[in-house]
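**Q** sequence and predicted model, in that order:
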Amino acid sequence: MRISCFKFYMVLVAFVMISGFTVTAEAFLINRGTDSLGRRLIYDDALNLTWYDHTEIAPGNVFDTMAWADSLVVDFGGTLFDDWRLPTGGNLFEQQDFLGITEFEHLYDNDNSLNADGGGSINNPDNFQNLFGVIYWSSSVGSFPDTHNTFDFFNGGTPLDSDTSTDPWGLAVRQGDVAATSVPEPTTIALLGIGLVGLAGVEVRRRRKKRAT
């Protein structure tokens, strides 16, 4: 049974709508803009999480740093996000095996601009502006008693076990994307409009032909 032009256009419009709303092309790290304090929020589309581009300088021991991340409230476009935490890391015995698995190592390995220089800074102007070549606390427990995992951006992206009473720095992350619901691309809207116009034209011609006969 032959499919009518009307039904064909209906299928075409449905295809355009589905493909336009579901297919996206995103880079690994996406700057979503700044919060009310002017700090960047950077979305990782591979792990579906958002990095907060702010380094808390030596907030204290690991428990103080966890408390800082847990209490963090970020105002992004009038929406408050309060579900921040420390990134995951790997303990000392895993450092040869966990490459690309933890959030810290994934960030370091997949963003080739994270190269620390001798002054303790990181050459990454396109993404982070407040990430440094220092040691950061992670959320992972260390390999030995009274230790916690840290991540060293300065020393080649190395996981370490640090005494819980020491004072590495803090970096926060949250699961999900802080960006608002995406708006269809202009090309998608244009294609949808063309399809609807064509659909209307076919229907008008069909009705005229029906009246003529």
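**A** Now that the structure is in, tell me what you want to look at. Numbers count the residues shown, from 1 in each chain.
**Q** was I right to think Ile101 contacts Gly90?
**A** Yes: counting by CB atoms under 8 Å, a contact exists between Ile101 and Gly90, whose distance comes to 7.1 Å. Quick note: C-beta positions are derived from backbone N, CA and C, even for glycine.
**Q** more neighbours: which of these two?
**A** Neighbours around Ile101 and Gly90, counted as other CB atoms under 10 Å, are more numerous at Gly90. The numbers are 23 against 13.
**Q** quick one: that one from Pro159, how far?
**A** Shown here: Gly90 relative to Pro159, a distance of 5 Å by CB to CB, to the nearest Å.
**Q** cool, and Leu47?
**A** Between Leu47 and Pro159 the computed distance is 17 Å (CB to CB).
**Q** which one's more surrounded, these two?
**A** Each of Leu47 and Pro159 has its neighbours counted (other CB under 10 Å); Pro159 has more, 25 against 17.
**Q** three-state assignment of the more buried one?
**A** On the three-state scheme (DSSP: H, G, I helix; E, B strand; the rest coil), Pro159 is labelled strand.
**Q** does it touch Phe151 like I think?
**A** Yes: between Pro159 and Phe151 there is a contact at 5.8 Å, judged by CB under 8 Å.
**Q** please enumerate the shared neighbours of the two.
**A** Common contacts of Pro159 and Phe151 (CB atoms under 8 Å, 6 or more residues apart in numbering): 89, 104-105, 138.
**Q** where does this structure have low pLDDT?
**A** Low-confidence segments of the chain, defined by pLDDT under 70, are located at 1-27, 91-100, 110-126, 156, 180-204, 206-213.
**Q** okay, now the domains of it?
**A** Taking automatic domain parsing as the domain assignment, the ranges for the chain are 5-23+184-212, 29-175.
**Q** quick one: contacts for the residue nearest to Thr34 when sequence neighbours are not counted?
**A** Excluding its sequence neighbours, the residue lying closest to Thr34 (CB to CB, 6 or more residues apart in numbering) is Arg40, at 5.6 Å. If you count contacts by CB under 8 Å, 6+ apart, Arg40 has them with 31-34, 53, 128-130.
**Q** in TSV: those, plus distance to Phe76.
**A** Putting the contacts of Arg40 into TSV (distance: CB to CB, whole Å) gives the following:
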residue	distance to Phe76
Asn31	12
Arg32	8
Gly33	7
Thr34	8
Asp53	12
Phe128	16
Gln129	16
Asn130	16
